[in-house]
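**Q** coords please:
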Amino acid sequence: MIGSEIKHDDNFKRNAEFHAKALKKLREMENQTMLGGGADAIAKHKKKGKLTARERIGLLVDPKSKFLEVGLFAAHGMYEEYGGAPSSGTVFGIGKIHNRDVVIVANDATVKAGAWFPMTAKKNLRAQEIAIENRLPIVYLVDSAGVFLPLQSEIFPDKEHFGRIFRNNAVMSAMGITQIAAIMGPCVAGGAYLPIMSDEAMIVDKTGSVFLAGSHLVKAAIGEEIDNESLGGATVHCEISGVTDHKMKNDEEAIQKIRSIVSKLGHFPVAGFNYEKPSKPKFDPKDIYGILPAERNKPYDTYQILSRIIDESELDEYKSGYGKTIICGYARIDGWAVGIVANQRAITKTAKGEMQVGGVIYSDSADKATRFILNCNQKRIPLVFFQDVTGFMVGSRSEHGGIIKDGAKMVNAVANSVVPKFTIITGNSYGAGNYAMCGKAYDPRLIYGWHSAQIAVMGGKQASETLLAIKVQAMEKGGTHISPEQQQQLLDEIQAKYEGELDPPFAAARWWVDGIIDPLETRDVISRGIAMANCNPNFPELKTGVLQV
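**A** Next up, the predicted model:
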C-alpha cells in the first residue's frame, strides 16, 4: 500500500482553501457556459416548440446515468468580436443509452442559431475521433444554420475543416460504426450532408428542415418562389424525396425513436481489459485539496495523491529504487487494471546520494518509463499518465549523459504505444515534458486537466523574463534606453499576458485538453474512458522505433 494519513495542519488548510476558491470559480464558469446564448435566446428557442440541446441530451440518455461532457470550454474567450461562442455552439459527450456508451453531439441553436465556428468543426471532429477509436455509436442532434460566414476561410477547405466531417461519416459507416441523426431545426447547405450521410436519419415536422439552399438563395439563384417548409421540410423529405427515414412530430418523439434504434444494436467483441469489482482508495480523496500545494513550484509527494485515486491504494511499483522522478506501477482504478506513469513532485535522492528535483525528467526516469510503457503494451494494460512536469533536466551533466537520447526513447515509446492511453494533467505541463507524458499530440483516448493544470513551453516566470530580455535587447539595439522602472512595467505586462494563456480554460478552449475537472472526478473519468476503449478489440501490432533498440 502507498500513501498515509495526512495531518490537517495549517499548511493543509491553506492549500484546501486555495483549491476550494479555484473550484468555485470553475463551477461558476461552467454554469455560465452551460447557458449557451443566454436566457433570452433560450426563451426564444423554446417558443418555437423546441427543446434546448441539453434538454434533448437529458431525455436521450438513461435516467440517473452520468453524461461525460467533452469540450465544455471549447472556444471559451474566443470570437468575442462576434459576441462569443460559448462551448463553440455545440454540446458533446458520452452518454449511456440502454446501458451502452454512445457519443452524442448536439448543436446549440441558442448560440448564433447553431452556426459552425472553426472550433465547432474541431469539436465535431473530436467527437468522431472518439467514436472511431472506441468503436462507439454516434448520435447527431442537428439544429444549425450552417457555417459562420465571417470566418468561412478558417472552416471550409482544409484537411481538418468542415469537409472532413462528411469524409468521416463515410469512413465510419464503412467501419460498421452506427451513426444516427435527428434533424430538429435548420440543416443548411454543406451541413445537410452530415445527417444524410448518417446510417439512419429522422426529421421533426414543422421545425426540422434540410436543403442545399434556402428559399432566399433559391430565389436569388433561379428565381423560384418557395417557402422553406415546402422546399425541404419533413413531409417533403419523408414522403417525396425519400432523403430522410422517419417523420417525427416533436423533439420528444425523435429522441424516443433514437433510443429504440440504439436498444436493438448488436455488440462487437470487446478488448478484454482486466476488470475486477471496484474498491475505494484507503484514504480520503478529498485530502488531495490539502496535499496539492497552492504554490505550484512547491514540492509534494505524488504517492500521496495516487493513494487517493487508485483502488485500495495499492500500487505494484516498477523499479521503485531507480529513476525516482517518475513513478511507474500497476494498479486498479475503479476495478480496471492500469499502468500508471506519474511525475514525482517530491525531491528525491539517487543511490549515489545525488538530489533530484521533483517534476523533472532525468535520464534514468525516462529510461524506466520507456521500459514500463513497453511492458504495458505487451500485457495489454491501458496506460494512465498523471502529468505534473516542468520538463527534462538541463545542464552540461545531463547533456553529456545523453538526456536528449533518453528523452527521445520515452517519446518514441509513447508515440508507438498501441494500448489505450489516458492523461490527467494535475499541475504543470511544460515543454517536452508534455510530449513525453502523453500530451494531446500523442493521441490519449481522453485528456483532462485539473483546475490546477497549466500547459506551456515553460513556466510563467521563466518565459516572461526571457521575453523581456529579448524585447529590451531589441529596443536598446535600436537606440532606445529602458529604465529599470520601464523594464518592470514591461515585465508586468508580458507576465499578465503569459499568465492568462496558462489559465486552464485557455487550454480547454483550444482543445489542448478535453475538459477541466475536479480532482474528485478523476476516477470516474478514467474508468469511463477504459470502459469505452474496451468496446474496440482491434489493436495494431506494436512496433518500436530504432531509438528503443
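**Q** excluding chain neighbours, what is closest to residue 445?
**A** The shortest distance from residue 445 to any non-neighbouring residue, by CB to CB, 6 or more residues apart in numbering, is to residue 420 (4.8 Å). Yep, even glycine has a C-beta here, placed from its N, CA and C like the rest.
**Q** count the neighbours of residue 466 for me.
**A** 13 (other CB atoms under 10 Å).
**Q** meant to ask about residue 155, not that
**A** Residue 155 has 23 nearby residues by other CB under 10 Å.
**Q** and it, what does it touch?
**A** 116, 117, 118, 120, 121, 147, 148, 161, 162 (CB atoms under 8 Å, 6 or more residues apart in numbering).
**Q** tell me the two of those residues that are most distant?
**A** Maximum pairwise distance in those, criterion CB to CB, is 12.5 Å, between 148 and 161.
**Q** isn't the residue nearest to residue 445 up against residue 382?
**A** Yes - counting by CB atoms under 8 Å, residue 420 does reach residue 382; the two are 4.5 Å apart.
**Q** what sits in contact with each of those two?
**A** Shared contacts of residue 420 and residue 382, counting by CB under 8 Å, 6+ apart, come down to 530, 533.
**Q** what residues are up against the residue nearest to residue 445?
**A** 133, 382, 383, 445, 529, 530, 533.
**Q** which of those residues fall within helices?
**A** 133, 529, 530, 533 (DSSP state H).
**Q** how deep is the spatially closest residue to residue 442 that is not a sequence neighbour tucked in, by neighbour count?
**A** In space, residue 442 comes closest to residue 414 once its chain neighbours are excluded; the distance is 5.1 Å by CB to CB, 6+ apart. Residue 414 is flanked by 25 other residues according to other CB under 10 Å.
**Q** which SSE is immediately downstream of the host helix or strand of residue 414?
**A** Following DSSP states H and E, the helix or strand that holds residue 414 is helix 403-416. Following helix 403-416 in sequence order, the next helix or strand is strand 421-430 (DSSP H and E).
**Q** number of residues surrounding residue 497?
**A** 12.
**Q** and for the one 4 residues further on?
**A** Residues within reach of residue 501, counting by other CB under 10 Å, total 14.
**Q** that one contacts residue 456, doesn't it?
**A** Yes - Residue 501 lies in contact with residue 456 (CB under 8 Å); the separation is 6.8 Å.
**Q** I'd like to know how far residue 524 sits from residue 530.
**A** Residue 524 sits 11 Å away from residue 530, going by CB to CB, to the nearest Å.
**Q** those two - which one has more neighbours?
**A** Between residue 524 and residue 530, counted using other CB under 10 Å, residue 530 has the larger neighbour count: 24 against 14.
**Q** the more buried one is in contact with residue 422, isn't it?
**A** Yes - look at residue 530 against residue 422 with CB under 8 Å: they come within range, at 7.3 Å.
**Q** okay, stretch 300-316 in CSV with CA atoms only?
**A** Extracted as CSV, the C-alpha positions of stretch 300-316 are listed here (Å, rounded to 0.1, in the frame of the first residue of the first chain):
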residue,chain,number,x,y,z
TYR,A,300,4.9,17.4,-2.7
ASP,A,301,4.7,13.6,-2.6
THR,A,302,2.9,12.2,-5.6
TYR,A,303,2.4,8.9,-3.9
GLN,A,304,0.0,10.7,-1.5
ILE,A,305,-2.0,11.9,-4.5
LEU,A,306,-2.1,8.5,-6.2
SER,A,307,-3.1,6.7,-2.9
ARG,A,308,-6.3,8.7,-3.0
ILE,A,309,-7.2,7.7,-6.6
ILE,A,310,-6.3,4.0,-7.0
ASP,A,311,-8.2,1.1,-5.6
GLU,A,312,-7.2,0.0,-2.1
SER,A,313,-4.3,2.5,-2.5
GLU,A,314,-2.3,-0.5,-3.9
LEU,A,315,0.4,0.1,-6.4
ASP,A,316,2.7,-2.7,-7.7
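**Q** begin at 164, not 1, for the rest of this chat.
**A** OK, 164 is where the count begins now, so the last one is stretch 463-479.
**Q** and it, what's buried?
**A** 463-474, 476-478 (16 or more other CB atoms under 10 Å).
**Q** what about stretch 370-390, how long is it end to end?
**A** 13 Å (CA to CA, to the nearest Å).
**Q** which residues are contacting that stretch?
**A** So stretch 370-390 is contacted by 211-213, 305, 345-352, 355, 358-359, 366, 391-392, 394-397, 400, 406-407, 411, 413-414 (CB under 8 Å, 6+ apart).
**Q** in ChimeraX, how would I select just the buried ones from those residues?
**A** Buried residues among the contacts of stretch 370-390 (16+ other CB under 10 Å), as a ChimeraX selection:
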select :213,305,345,346,347,348,349,350,351,352,355,358,359,366,391,392,394,395,396,397,400,406,407,411,414
